[in-house]
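>>> Next one to model:
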Amino acid sequence: MEKEMLALVKLKEGDDKFTKFMGWMQSDEGMAERSKFAIPSKTIGTIAPDKSAVMFKVFVTDKNGMMDFVSGKNPAIKATHDECIESVQLWDLSEVEL
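As a prediction, this is how the structure comes out:
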């Protein structure tokens, strides 16, 4: 079952952290890994003006896989996570009836 989640990724200081992080996320390896727990084509992202943070609305198919990925426990992203990511906050999104 598909679940919407919001991830706020704060990047470590350094000009190349944003480029390296996004490069990996958009690479064939990154897309393949993300496909294991989410639907990358539905992901919506936005970037802080100073490129110090990235926020993603993610359509998740495996919540535990998503949590492992954003926490750096997933071996495929571990090196990039350790080098580029300062912290990640993750929220479940649910519809609010108006």
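>>> those strands in this structure, which residues are they?
3-11, 44-47, 53-60, 85-92 (DSSP state E).
>>> Turn the ones you listed into JSON lines, columns for mean neighbour count and mean pLDDT.
Where C-beta positions appear, they are placed from N, C-alpha and C, glycine not excepted. Below are the strands of the chain laid out as JSON lines (neighbours: other Cβ atoms under 10 Å; pLDDT from 0 to 100):
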{"stretch": "strand 3-11", "mean neighbour count": "17", "mean pLDDT": "97"}
{"stretch": "strand 44-47", "mean neighbour count": "12", "mean pLDDT": "97"}
{"stretch": "strand 53-60", "mean neighbour count": "19", "mean pLDDT": "97"}
{"stretch": "strand 85-92", "mean neighbour count": "14", "mean pLDDT": "97"}
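>>> To residue 29, which of those lies closest?
Among the strands of the chain, strand 85-92 comes nearest to residue 29, with 16.7 Å by Cβ to Cβ.
>>> Name every strand pairing with the closest one and say which way it goes.
Its sheet considered, strand 85-92 pairs with strand 3-11 (antiparallel) by DSSP bridges.
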